[in-house]
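Peer 1: Turn this into a structure:
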Amino acid sequence: MKVIKPGDDHEVPRGVFGGAEISRATTGASNIYMGVFRVPAGARSRPHYHAGCESAVYMLNGNLLVRWGDHLEESVELDPGDLVYVPPRETHILENLSTTTDAEYVVARDAPDEDSVEVPWAR
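Peer 2: Numbers count the residues shown, from 1 in each chain. Sure thing, here's the model as predicted:
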């Protein structure tokens, strides 16, 4: 058993900030990833997808506008307590529409490593 304490924020490849995580790198996990992420007030992630895993998201604080689809044509606003399923290779962006409040969420994936792939055409 390993306990992961909250850590310092660090930018992750898709342009949001991560804190503590359970992953291959931190615990030796072989089939799961779980992390806490933050999108600062007024910020937006870069368009990306997760190549080889499914993701489940739980909103902790704040609100996010999520756009997804081949041309980012679909959208939904997430509130605290919402759960979201993201299939593999679903291009998406996260946008914090608030200018004063950060948005925080937890992600669980069925893979032990971060596998975010940026999608330059969707900018």
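Peer 1: Against Tyr49, how distant is Trp121?
Peer 2: Plainly put, Trp121 is 12 Å away from Tyr49 if you go by CB to CB, to the nearest Å. Quick note: C-beta positions are derived from backbone N, CA and C, even for glycine.
Peer 1: Likewise for Ile32?
Peer 2: Distance from Ile32 to Tyr49, by CB to CB: 19 Å.
Peer 1: Tell me which of these two has more neighbours.
Peer 2: Tyr49 (20 against 15; other CB atoms under 10 Å).
Peer 1: shaky segments in this structure?
Peer 2: 8, 10-11, 13, 122-123 (pLDDT under 70).
Peer 1: ok, now how distant is Cys53 from Val84?
Peer 2: Separation of Cys53 from Val84 (CB to CB) stands at 14 Å.
Peer 1: And these two? Which one has more around it.
Peer 2: Remark: of Cys53 and Val84, Cys53 carries more neighbours, 20 against 17, as counted by other CB under 10 Å.
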